[in-house]
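A.B. asks: with the input below, show me the fold.
(one chain, ligands or ions: 1)
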Amino acid sequence: MTSTKPDVMISEAQIAQRVDELAAEISHDYADKGSLVLVGVLKGSFIFLADLSRRLTIPRTIEFIAVSSYGSGSRHSGAVRLVMDVRGNIEGRHVLIVEDIVDTGHTLKYLVGMMKSHRPASVRSCALLHKADRAEVEVDLDYIGFSIPDEWVVGYGLDYAERDRTLPYIGIVHPDDRK
Ligand code: IMP
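C.D. replies: The predicted structure is shown next:
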């Protein structure tokens, strides 16, 4: 655990308000499409997915997928690796990938391709956070909670080397704290 608490970038109240807005927008967009499958990307999206899914007003089911794209710190390790695929049958279903954060875009690009291989009716994506300045590949991000600067952030599901994942807010990990 870090000894000092990370500085607040986005407060609990700001997150709650934005998750409400995203849930309203998604519920509106899928209102006449039947049931939606939310595919949460482990581990980082678990808190966002829990809050977002409970605020939707449309029929929905939950799936999880796990990938690994970083080592134990903040450095990109290269290729994205599938650790766990969805369990349910998503063929012909409307899929919404729920990500904690889109950084370089490699993970989301890989995930969209993976989901499409299951032949769903549609695939869209939603990320709580987006580091737009860091994009290395072009990805279609349909719903974005907050665009943030190039800082390493933790909390609300996001970690730094497994630390600070359960902070209730989004905090900044300064380079000096990355030990
Ligand atoms: P991308 O492939 O570079 O877009 O990386 C996406 C993944 O990197 C996310 O799902 C996170 O697991 C991780 N990641 C990127 N930036 C951060 C950050 O600031 N804090 C925590 N995790 C991050």
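A.B. asks: only C-alpha atoms, please: export the longest helix along the chain in PDB.
C.D. replies: Counting by DSSP state H, the longest helix found in the chain is helix 12-29. Provided in PDB are the C-alpha atoms of helix 12-29 (Å, rounded to 0.1, in the frame of the first residue of the first chain):
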ATOM      1  CA  GLU A  12     -16.500  10.300  -5.800                       C
ATOM      2  CA  ALA A  13     -19.300  12.700  -6.500                       C
ATOM      3  CA  GLN A  14     -18.100  13.600  -9.900                       C
ATOM      4  CA  ILE A  15     -17.800   9.900 -10.800                       C
ATOM      5  CA  ALA A  16     -21.300   9.200  -9.500                       C
ATOM      6  CA  GLN A  17     -22.800  12.000 -11.600                       C
ATOM      7  CA  ARG A  18     -21.000  11.000 -14.800                       C
ATOM      8  CA  VAL A  19     -21.900   7.300 -14.300                       C
ATOM      9  CA  ASP A  20     -25.600   8.400 -14.000                       C
ATOM     10  CA  GLU A  21     -25.300  10.400 -17.200                       C
ATOM     11  CA  LEU A  22     -23.600   7.500 -19.100                       C
ATOM     12  CA  ALA A  23     -26.200   5.100 -17.900                       C
ATOM     13  CA  ALA A  24     -29.000   7.400 -19.100                       C
ATOM     14  CA  GLU A  25     -27.400   7.800 -22.500                       C
ATOM     15  CA  ILE A  26     -26.800   4.100 -23.000                       C
ATOM     16  CA  SER A  27     -30.300   3.200 -21.800                       C
ATOM     17  CA  HIS A  28     -31.700   5.700 -24.300                       C
ATOM     18  CA  ASP A  29     -29.500   4.400 -27.200                       C
END
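A.B. asks: looking at the helix or strand following it now, give me its mean pLDDT.
C.D. replies: Where DSSP states H and E defines the elements, the next helix or strand beyond helix 12-29 is strand 36-42. For strand 36-42, mean pLDDT rounds to 97.
A.B. asks: center of the chain - which residue?
C.D. replies: Of all residues in the chain, the one closest to the mean position by Cα atoms, centre = their mean is Glu99, 1.5 Å from it.
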